[in-house]
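Asks: Just a sequence and a predicted model for now, questions to come.
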Amino acid sequence: MAELERPTIKWKVIAQIGAVFVLLWGLAIGLEPYMGYWGIVGASVLTLVAVGFGLYVWRLTRKSAGIIDILKTATDEAGRKAALEKLEQSAGSNDAMNALARAQLMAQESPKEAIEILESVDVKKAPGVVQDDVRANLALLYLMTNRVRDARPLADEIRLDRQPQPKAKALYAAVCAEAFARTGKADEAKKLLETYDAGDAAYGEMRAMLYRAQVFTFNATKNKGLAKKAMESLAGIDTNMLAAFVVKGTDPTLHQMAKQLLLTSGAIPKQKIRIKMS
């Protein structure tokens, strides 16, 4: 949580947009003798739309920054509980951004409750910039709890081209690829993952999610060697993530592969055979 990036206003971009509108107004006024007041009316309408949109983005950015500030305090159990209480107190009706933050905190203790929080959000009424965040995080929780069929419709609606942030985009890709691979679209999953280098440091903690998606994808495409390599890379980041492959109902190949890696790493102690001498 401490590594979360706080969103900020991009003043350079605002200055560039402002320069465009200065030029627009200059043209509107300069062409007034030829166009009458139509040019000025058009410039006025465009300016009002731009100001309205700017205020909307500014409010979202401030709200997002406030939520990030709360999340950054959740560095231990006490901090997590305190952050959760603050978010619950400030939660509004169908507040997608607040729900996302609460779900991320709750997922560490109770994935079921985290799912319930996100399921309560009316995605279509949420701000456009966070709709896919809700879908991706809810789909991820479904996948983590083996509710694959529930994750697939959400993955189908996620649009990667609408997400400019590398880490968030990598999460979208990992969630979509895993959902596709586990529901019969392994080739499409493989094609999607080929555009993301899981070893790229720019993806940060999302690298683990990309490797996890690779494991399921390569297993579905019968590339056992690549699946094992991806699982080894995943174990190199966090051996705890291999636990997902040894639970009941996991594909036997992945189960055996993960168990062997856990034994090799020492995460699971080898059983000692004792021979009783009579």
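Replies: Now that the structure is in, tell me what you want to look at. Numbering: from 1, shown residues only.
Asks: where does residue 248 fall, helix, sheet strand or coil?
Replies: When classified by DSSP: H, G, I helix; E, B strand; the rest coil, residue 248 comes out as coil.
Asks: per-residue confidence at it?
Replies: What the model reports as pLDDT for residue 248 is 79.
Asks: and it, how many neighbours does it have?
Replies: 6 (other CB atoms under 10 Å). The C-beta positions use only the backbone N, C-alpha and C, and glycine is treated the same way.
Asks: can you map out the helices along the chain?
Replies: Taking DSSP state H as the criterion, the chain carries its helices at 11-30, 32-35, 38-71, 77-90, 96-107, 111-119, 128-144, 148-157, 166-181, 186-193, 207-220, 224-237, 252-265.
Asks: among the ones you listed, which is nearest residue 243?
Replies: helix 252-265 (8.0 Å; CB to CB).
Asks: Now that closest one: buried residues?
Replies: By neighbour count on 16 or more other CB atoms under 10 Å, the buried set for helix 252-265 is 254, 257-259, 261-262.
Asks: What is the nearest of the residues you listed to residue 31?
Replies: Looking across the buried residues of helix 252-265 and measuring by CB to CB, the closest to residue 31 is residue 254, at 67.6 Å.
Asks: and that closest one, what is it in contact with?
Replies: Counting by CB atoms under 8 Å, 6 or more residues apart in numbering, residue 254 touches 215-216, 219, 227, 231, 245.
Asks: Of those, which is the nearest to residue 158?
Replies: residue 216 (16.8 Å).
Asks: Spatially nearest residue to that closest one, not counting backbone neighbours?
Replies: residue 181 (4.5 Å; CB to CB, 6 or more residues apart in numbering).
Asks: quick one: the one you found and residue 159, what's the gap?
Replies: Distance, residue 181 to residue 159, using CB to CB, to the nearest Å: 19 Å.
Asks: Settle it for me: which of the two has more neighbours?
Replies: Between residue 181 and residue 159, counted using other CB under 10 Å, the more crowded position is residue 181 (26 against 10).
Asks: Could you list the buried residues of the helix or strand bottoming out on mean pLDDT in the chain?
Replies: The helix or strand of the chain with the poorest confidence is helix 32-35; it has a mean of 75 (mean pLDDT, DSSP states H and E). Buried positions in helix 32-35, judged by neighbour count with 16+ other CB under 10 Å: none.
Asks: Also stretch 64-83?
Replies: Per 16+ other CB under 10 Å, stretch 64-83 contains these buried residues: 64, 66-68, 70-72, 74, 79-80, 83.
Asks: Please apply the same query to stretch 166-185.
Replies: Under 16+ other CB under 10 Å, the buried positions of stretch 166-185 are 167-183, 185.
Asks: and what of stretch 212-221?
Replies: 212-220.
Asks: nearest to residue 57, of the residues you listed?
Replies: So of the buried residues of stretch 212-221, ranked by how close each gets to residue 57 (CB to CB), first place is residue 213, at 31.5 Å.
Asks: and the gap between that closest one and residue 141?
Replies: 15 Å.
Asks: can you check residue 118 too?
Replies: 7 Å.
Asks: between these two, what contacts are shared?
Replies: Contacts common to residue 118 and residue 141, judged by CB under 8 Å, 6+ apart, are residue 103.
Asks: Show me what stretch 223-240 is in contact with.
Replies: Contacts for stretch 223-240 (CB under 8 Å, 6+ apart): 198-199, 207-208, 211-212, 214-215, 218-219, 241-242, 245, 253-254, 257-258, 261-262, 265, 267.
Asks: where does this structure have low pLDDT?
Replies: Within the chain, the segments meeting pLDDT under 70 span 1-10, 56, 58, 60-61, 92-94, 266-278.
Asks: go again using 50 as the cut-off
Replies: Scanning the chain for pLDDT under 50 picks out 1-2, 270-278.
Asks: that older thread, what's the closest of the buried residues of helix 252-265 to residue 28?
Replies: Looking across the buried residues of helix 252-265 and measuring by CB to CB, the closest to residue 28 is residue 254, at 64.0 Å.
Asks: That closest one and residue 133, how far apart?
Replies: On the measure of CB to CB, residue 254 and residue 133 end up 28 Å apart.
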